[in-house]
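Q: take this sequence and fold it.
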Amino acid sequence: MTTRPWIVDDDLWALIEPLLPPRPERSPGPKPVPDRLCLQGILYVLHQDIAWQLLPLELGFGSGQTCWRRLDRWQQTGFFDQLHRILLAKLNAAGQLDWSRACVDGSHIRAKWGKAIGPSPVDRRKTGSKHHLICDGKGTPLQAITTAANVNDITQTLALVDGIPPVAGRPGHPRRRPDALLGDKAYDSRAVRRELRKRRIVPVISREGAPNIQGLGKLRYVVEQTFALLHQFKRLAVRWERRLELHDAFLSLACSLIC
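A: Model (predicted):
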């Protein structure tokens, strides 16, 4: 693995460049920083979790304010979600997605301010947020949602399932439904099971007050592994962004990098 993971190589840039929105008409002033360098500055912050104003100018990324504004504009145009969807399609075309099952889970993170924060039930009620994630049977992230830390996992189950983008790459209609959904007892609900069956998804969810389904943990470990990969990006381990959409931009970009 490269010692500079924020560097965008030529192959990846060839995929990314056509997806970027056109620049606004140039106003008088200095020449704008190239998109590729701004993206590398965003990746640097994602990996290193430094304040925007501390972004090293000697690396050529421009100022932190420049990269922050580019992140904001790209998020508003849906660039990060589009990149994630295209990478999923490439994996699907190569047969690298396991649609036989999907796994869901949630993970708490510290959060300082902004929308979607609340008292964390696992961190002495300190303010925090929660990442909700659904991944395929191999641990590839399909969709992620950020909520307040005190939001129950079960409330986001259908939002995660319905939020899986249509994934092309194979003959026929793009696919967006796994065959089965695996979850622990936090997802035990008759209403959720009923809605999953309406979507032709088999619910494999342990029931409250009953022993866990035998062997379920060995199948669900991939979602814990994916959370570990996500939170290796230091910017996602603690939420500093006041605006939720900017944190979600980092989250979507991290999912793309895992893909």
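Q: list phi and psi for the residue lying closest to residue 145 once chain neighbours are set aside.
A: Counting by Cβ to Cβ, 6 or more residues apart in numbering, residue 145 lies nearest to residue 132, which is 4.5 Å off, once chain neighbours are set aside. Bear in mind the C-beta positions are built from the backbone N, C-alpha and C, glycine included. Per-residue torsions, residue 132: phi -110, psi 130 (degrees, to the nearest 10).
Q: so, low pLDDT: which residues of this structure?
A: 1-2, 26-29, 209-212, 214-215 (pLDDT under 70).
Q: domains for it, by residue range?
A: 10-22+29-76, 98-258 (automatic domain parsing).
Q: can you pull out the helices in the stretch 51-200 of the chain?
A: 64-76, 79-93, 157-162, 190-198 (DSSP state H, counting those that start in this stretch).
Q: nearest to residue 242 among the ones you listed would be which one?
A: Closest to residue 242 of the helices of the stretch 51-200 of the chain, according to Cβ to Cβ: helix 64-76, at 11.9 Å.
Q: contacts for that closest one, please.
A: With Cβ atoms under 8 Å, 6 or more residues apart in numbering as the test, helix 64-76 has contacts from 20-21, 32-33, 35, 38-39, 41-42, 45, 51-55, 61, 80, 245-246, 248-249.
Q: one more time with 6 Å
A: 33, 38, 41-42, 52-53, 55, 61, 245, 249 (Cβ atoms under 6 Å, 6 or more residues apart in numbering).
Q: from the residues you listed, pick the one nearest residue 146.
A: For the contacts of helix 64-76, the minimum distance to residue 146 (Cβ to Cβ) is 9.6 Å, reached by residue 245.
Q: the closest residue to residue 156 other than its chain neighbours and residue 246, how far apart?
A: Excluding its sequence neighbours, the residue lying closest to residue 156 (Cβ to Cβ, 6+ apart) is residue 132, at 4.3 Å. Distance of residue 132 to residue 246, computed by Cβ to Cβ, to the nearest Å: 18 Å.
Q: comparing these two, which shows the higher neighbour count?
A: Taking neighbours as other Cβ atoms under 10 Å, residue 132 and residue 246 compare with residue 132 leading, 21 against 17.
Q: the more buried one reaches residue 106, doesn't it?
A: Yes: Residue 132 lies in contact with residue 106 (Cβ atoms under 6 Å); the separation is 4.9 Å.
Q: what touches both of those two?
A: Between them, residue 132 and residue 106 share no contacting residue, judged by Cβ under 6 Å, 6+ apart.
Q: in the stretch 51-200 of the chain, which spans are strands?
A: Using DSSP state E, counting those that start in this stretch, the strands of the stretch 51-200 of the chain run over 102-111, 118-119, 127-136, 141-148, 180-183.
Q: what does the shortest one contact?
A: Contacts of strand 118-119 from elsewhere in the structure, counted by Cβ under 6 Å, 6+ apart, are 125, 148-150.
Q: again, only this time at 10 Å
A: By Cβ atoms under 10 Å, 6 or more residues apart in numbering, the residues outside strand 118-119 that reach it are 111, 125-130, 147-151.
Q: how about a markdown table for those residues, with neighbour count and distance to residue 68 added?
A: Output for these, formatted as a markdown table (neighbours: other Cβ atoms under 10 Å; distance: Cβ to Cβ, whole Å):
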| residue | neighbour count | distance to residue 68 |
| --- | --- | --- |
| 111 | 26 | 18 |
| 125 | 12 | 31 |
| 126 | 13 | 26 |
| 127 | 18 | 23 |
| 128 | 23 | 23 |
| 129 | 26 | 20 |
| 130 | 26 | 24 |
| 147 | 21 | 24 |
| 148 | 16 | 24 |
| 149 | 23 | 25 |
| 150 | 16 | 29 |
| 151 | 17 | 27 |
